[in-house]
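Student: Structure for the following, please:
(2 chains)
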Amino acid sequence: MTQLAIHAMCFGTMTKTTKYRDKVIVNYNQILGYEVLEWMDGTSLLATPIQKKHRNRGRSIHGGVIASLVAVAGKMAGNWTSNGERKTKTINLNINFISGTSADLVHVRGIRAHATKGTLFSNVEIFVPDTGIVIASGQGVFKLLRSEITPTPTHP
Amino acid sequence: MRKETRRMLNSIYERDDIKGTFHEVLDYNVVEWRDGHVLMQLEVKPEHRDQEDFIHDGILSSLIDIAGFLGGDWSPNGPGRSVTINLNISFINDSKAETIIAIGKRTQKTNKMQFTKVDILEEDTKKLLATGQCTYKILSPDTKDSPGVSRQ
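Tutor: Purely as a prediction, here's the structure:
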């Protein structure tokens, strides 16, 4: 799958207007600003450039950003289908924060531990790609919703 | 709420060192803050939502992280320094609400560690959205560097 197709799938429609303001708005995935390097059945790899808006008062990555990345990568480890993204809801997240970092780029690797018909369990690790130092590790439990995939129309 | 408390909270959360950081992205209000208790309010903006306009899991997690720390650690000089060790979050309901509140309560505190519980609710209907248990390591107040973070 090309990078462009992955992008279109992850971010959905890139821009939309609201009823409140007549200007282009962003959603939270764009605030996080991650890039999908790998998205397959059972594994995902995201690269996240860390900007100032992701840091806390001590210049380390904020715990909330790490939690968000665990949620996103854990979900993407199990929602790949040949027809696109399967809808999920998060049930539980458990995150261990192992070390702080001042790195400018982190990688997030999500691996599916087990999946049943309606539930997905995944393990996520956040690390600095240059040094391999692990910043955080987490486990996520997700509910896999029934996919509403519309069949592609066939031309007579 | 007393005027002094309000003035103190404003001075803490409109400081220069949080300009441009993740605290500004969240843009939360601290409504009540005393020893062992915190009440925070967040007005949900479009950039806090996912593609289907639900509040993003990451926003709830971030709010639990901050409310968990403030709920356990009060000091007259403003928030101290700490490192999150563990977060365990259960997402109970999803919501498209305009305003949500977070209530943090301390479970236990020792010299170096702190344990808190946080609930997140819709402000209007009081529907429970998420609960979290948080563990923090408390750094001494004169700490300048965060662990693992190099100096500039």
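
Student: Can you pull up the most central residue in chain B?
Tutor: The residue lying closest to the centre of chain B (Cα atoms, centre = their mean) is residue B:66, at 2.1 Å.

Student: State whether that one is indeed within a helix.
Tutor: Yes. Assigned with DSSP: H, G, I helix; E, B strand; the rest coil, residue B:66 falls within a helix.

Student: Could you check how far it is from chain A?
Tutor: Taking Cβ to the nearest Cβ, to the nearest Å as the measure, residue B:66 and chain A are separated by 7 Å. Just so you know, the C-beta spots here come from the backbone N, C-alpha and C atoms, and that holds for glycine as well.

Student: The closest residue to residue A:26 other than its chain neighbours - how many residues pack around it?
Tutor: Distance criterion Cβ to Cβ, 6 or more residues apart in numbering or on different chains; nearest residue to residue A:26, sequence neighbours excluded, is residue B:47 at 5.1 Å. Residues within reach of residue B:47, counting by other Cβ atoms under 10 Å in any protein chain shown, total 16.

Student: pretty sure residue B:47 is in contact with residue A:33, am I right?
Tutor: No. Assessed by Cβ atoms under 8 Å, residue B:47 is found out of contact with residue A:33, at 11.7 Å.

Student: and the longest helix anywhere in chain A, anywhere near chain B?
Tutor: For chain A, the longest helix by residue count, based on DSSP state H, is helix A:63-76. Yes. Helix A:63-76 reaches chain B (Cβ under 8 Å from any Cβ of the partner chain) through A:63, A:64, A:65, A:67, A:68, A:69, A:71, A:72.

Student: which intervals of the chain have sub-threshold pLDDT?
Tutor: With no chain named, the answer covers chain A. Scanning chain A for pLDDT under 70 picks out the ranges A:1-25, A:147-156.

Student: not quite, I wanted chain B
Tutor: For chain B, the stretches with pLDDT under 70 are B:1-17, B:144-148, B:150-152.

Student: what are the ranges of the strands in it?
Tutor: B:29-34, B:37-43, B:82-91, B:99-109, B:113-122, B:128-138 (DSSP state E).

Student: The nearest residue to residue A:127 once chain neighbours are set aside: neighbouring residues, count only.
Tutor: Spatially, and ignoring its direct neighbours in sequence, residue A:127 is nearest to residue A:134 (4.9 Å; Cβ to Cβ, 6+ apart). Close neighbours of residue A:134, defined as other Cβ under 10 Å, add up to 14.

Student: hey, what's residue B:128 bridged with?
Tutor: residue B:121 (DSSP bridges).

Student: In contact with it, which residues are there?
Tutor: Under the criterion of Cβ atoms under 8 Å, 6 or more residues apart in numbering or on different chains, the contact list for residue B:128 reads B:92, B:93, B:119, B:120, B:121.

Student: which among these end up buried?
Tutor: For those, a neighbour count by 16 or more other Cβ atoms under 10 Å in any protein chain shown gives the buried set as B:119, B:120, B:121.

Student: Tell me how far the last one lies from chain A.
Tutor: Separation of residue B:121 from chain A (Cβ to the nearest Cβ) stands at 18 Å.

Student: try the second one
Tutor: The span separating residue B:120 from chain A equals 13 Å under the rule Cβ to the nearest Cβ.
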